[in-house]
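Enquirer: have a look at this prediction, sequence included:
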Amino acid sequence: MNALRAWLGRGEAGLPPAQPLDFDTLVPPRSPNACLAAPAGHPWAQLTTPPYTTPPEALFDALLEVAAAEPRTTRRAMPDAGLRAQWVQRSAMANFPDLIHAEVRPASAGSVLRLYSHSLLGWSDMGVNRARMSRWLAALAARPLPPLPAPAAAAPPPALPSPGPPLMPSPLAMALAASAAGRHVLVVGDAPSAVAALVLHALSHGAASARAYSARRPDDADGQLRAAGTALGLEAVAEALLARARVGTTAQIEGAIDPPWLWWLRGKWDAPDLAARLGPLDLVVDPGNLAAAEDPGHRLAQLRGSGARGLLLGCLVPAPGAAPGFEAESLWHAGRLDEAASAALHAHLSAQGLDLPQLRLLPAGMTPEAARAAGIEQPYWWFLGEAALRRLLAEAGWTPREATRHGPHLLLSATAA
């Protein structure tokens with residue numbers, strides 16, 4: 001997508017053709033310019049959609065009416081969409097385009113709705129996408145919706161339809177839940193909601209302890225934990241953890257890690273006594289910032305320095321053939337991509353529901369200065385093949401183990417060599 005054309009266009013002019021979004025594999029971006037609304041229990045949701053006791057078709061039609069009443073909003077053509085839709089809505093002053101995706105699914109008691117709104121340009125949206133999702137949900141709640149049809153009086157009550165597949169936690173959360181019992185877990189990363197959710201998943205599945213660690217900690221860490229507990233139905237787990245390990249307003253001392261009893265620790269990765277201060281660790285969990293590291297090998301060595309005996313890693317790992325010449329052994333730096341490679345990677349990742357603006361805005365190589373100028377403050381610097389990732393793990397002192405693919409991401413476990 002040409003950023004200038006997208007900015008200057010009207011409606012969907014200047015945008016690539018609409019592609020259906022796979023909500024089951026969606027991982028929200030690291031940038032604060034997106035909002036996911038989904039039923040309770042979804043690990044990435046920022047807003048919760050209620051259960052709707054109405055037929056799916058009626059709910060979908062009502063949603064179309066809500067969208068049609070929004071200013072500067074254009075529904076995008078999407079063949080064979082079923083109960084899915086996509087719109088572009090432009091800002092009033094700057095004409096910035098945002099995409100809104102929707103999907104309605106049948107459920108045993110009626111319907112469920114998932115909405116995802118994200119910006120195509122810039123890094124932060126000043127809360128626009130969240131406000132939009134809240135506004136749409138409120139408008140939908142204000143509309144009268146027909147109830148499910150009652151069974152015919154002369155016929156025996158029909159059996160309830162089989163419920164659709166439950167909304168599952170992320171693959172990383174499920175893998176953590178399966179291996180957490182009795183273990184001391186450390187979750188690392190920069191996405192507060194994802195980190196908090198993984199800590200709660202570990203504790204709710206029997207972890208002996210679970211904490212978070214990063215160089216920078218969000219000021220509202222305790223609030224993020226409570227929000228994750230509400231979204232996952234784990235409020236009691238969150239409150240029990242806060243009762244004994246709340247962060248509160250604990251000062252963040254430059255150059256030192258926090259007291260070890262806090263649930264979210266802040267400190268430097270290169271502290272020589274890091275492993276001793278963290279205490280015994282069975283498992284360190286990294287939810288996916290390796291591809292954004294300036295030096296992924298050094299990042300893996302830092303994780304090894306935690307002293308953990310095991311590693312659970314989620315990482316963007318395009319499949320072989322994602323771009324001409326990209327193989328399992330490939331280790332491509334974003335600064336050395338050409339326009340053809342960027343276009344191929346963008347098409348491959350977009351088809352799997354992942355849009356990296358850097359591939360559209362800076363297709364002929366990227367520098368830190370160019371990324372900042374384009375509003376991309378935390379870009380992905382590396383596109384790794386699976387064999388390359390395994391080699392980096394081995395060089396950092398890990399023995400790679402089982403790996404499973406989930407869309408463009410790879411979930412991989414390793415043990416300390």
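Expert: That came in fine, so what should we check first?
Enquirer: nearest residue to Leu172 other than its sequence neighbours?
Expert: In space, Leu172 comes closest to Gly314 once its chain neighbours are excluded; the distance is 4.5 Å by Cβ to Cβ, 6 or more residues apart in numbering. C-betas here are computed from N, CA, C, even on glycine.
Enquirer: now the element after the strand or helix carrying that neighbour, going C-ward?
Expert: Element membership for Gly314 (DSSP states H and E) is strand 310-316. Going down the chain from strand 310-316, the next helix or strand is strand 331-333, by DSSP H and E.
Enquirer: what pairs with that following strand, parallel or antiparallel?
Expert: Partners of strand 331-333 in the sheet, by DSSP bridges, are strand 382-384 (antiparallel).
Enquirer: okay, buried residues for the strand it pairs with please.
Expert: 382-384 (16 or more other Cβ atoms under 10 Å).
Enquirer: try stretch 199-210
Expert: Of the residues in stretch 199-210, those with enough neighbours to count as buried (16+ other Cβ under 10 Å) are 199-205, 207, 209-210.
Enquirer: quick one: the helices in this protein?
Expert: 3-8, 56-68, 128-141, 171-179, 192-204, 221-232, 235-245, 274-278, 296-305, 339-350, 357-361, 368-373, 386-395 (DSSP state H).
Enquirer: can I get these in TSV including mean pLDDT?
Expert: TSV is the format used below for the helices of the chain (pLDDT from 0 to 100):
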stretch	mean pLDDT
helix 3-8	55
helix 56-68	93
helix 128-141	93
helix 171-179	90
helix 192-204	92
helix 221-232	90
helix 235-245	92
helix 274-278	86
helix 296-305	93
helix 339-350	94
helix 357-361	92
helix 368-373	90
helix 386-395	96
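Enquirer: who's Trp398 bridged to?
Expert: When assigned by DSSP bridges, Trp398 has beta-bridge partners Ala416.
Enquirer: count of neighbours near it?
Expert: Neighbour count of Trp398, defined by other Cβ atoms under 10 Å: 24.
Enquirer: now do Pro16
Expert: By other Cβ under 10 Å, 15 other residues sit near Pro16.
Enquirer: quick check, pLDDT for it.
Expert: Listed pLDDT for Pro16 reads 79.
Enquirer: then Gly353?
Expert: Per-residue pLDDT puts Gly353 at 86.
Enquirer: does it really touch Pro28, like I thought?
Expert: No: the criterion here is Cβ atoms under 8 Å, and Gly353 misses it with Pro28 at 10.6 Å.
Enquirer: could you export the buried residues of strand 382-384 as a markdown table, including distance to Ala396 and pLDDT?
Expert: Converted to a markdown table, the buried residues of strand 382-384 look like this (distance: Cβ to Cβ, whole Å; pLDDT from 0 to 100):
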| residue | distance to Ala396 | pLDDT |
| --- | --- | --- |
| Trp382 | 14 | 94 |
| Phe383 | 19 | 95 |
| Leu384 | 13 | 94 |
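Enquirer: now distance to Ala347 too, for the residues you listed, in a markdown table please.
Expert: Output for those, formatted as a markdown table (distance: Cβ to Cβ, whole Å):
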| residue | distance to Ala347 |
| --- | --- |
| Trp382 | 19 |
| Phe383 | 14 |
| Leu384 | 19 |
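Enquirer: from Ala62, how far off is the residue lying closest to Leu145 once chain neighbours are set aside?
Expert: Sequence neighbours aside, Thr54 is the residue nearest to Leu145 in space, at 4.0 Å (criterion: Cβ to Cβ, 6+ apart). Look at Thr54 and Ala62: by Cβ to Cβ, to the nearest Å, they are 8 Å apart.
Enquirer: quick one: contacts of stretch 319-331?
Expert: By Cβ atoms under 8 Å, 6 or more residues apart in numbering, the list of residues contacting stretch 319-331 from outside reads 318, 332, 340-341, 344-345, 348-349, 382-388, 391-392, 405, 408.
Enquirer: let's go with 10 Å and repeat that
Expert: By Cβ atoms under 10 Å, 6 or more residues apart in numbering, the residues outside stretch 319-331 that reach it are 296-297, 317-318, 332, 337-338, 340-349, 351-352, 382-392, 405, 407-408, 410.
Enquirer: how near is Trp44 to Leu172?
Expert: 11 Å.
Enquirer: what is in contact with these two at once?
Expert: Joint contacts of Trp44 and Leu172 (Cβ under 10 Å, 6+ apart) are 27, 194, 197.
Enquirer: ok, now which ones touch the closest residue to Ala178 other than its chain neighbours?
Expert: Spatially, and ignoring its direct neighbours in sequence, Ala178 is nearest to His205 (7.7 Å; Cβ to Cβ, 6+ apart). His205 makes contact with 173-174, 176-181, 183, 185, according to Cβ under 10 Å, 6+ apart.
Enquirer: export the shared contacts of Trp44 and Leu172 to JSON lines and append columns for neighbour count and distance to Ala417.
Expert: Converted to JSON lines, the shared contacts of Trp44 and Leu172 look like this (neighbours: other Cβ atoms under 10 Å; distance: Cβ to Cβ, whole Å):
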{"residue": "Val27", "neighbour count": "23", "distance to Ala417": "29"}
{"residue": "Ala194", "neighbour count": "25", "distance to Ala417": "28"}
{"residue": "Ala197", "neighbour count": "30", "distance to Ala417": "30"}
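Enquirer: of these, just say which sits nearest to Gly229.
Expert: Here the nearest of these to Gly229, counting by Cβ to Cβ, is Ala197; it sits at 8.9 Å.
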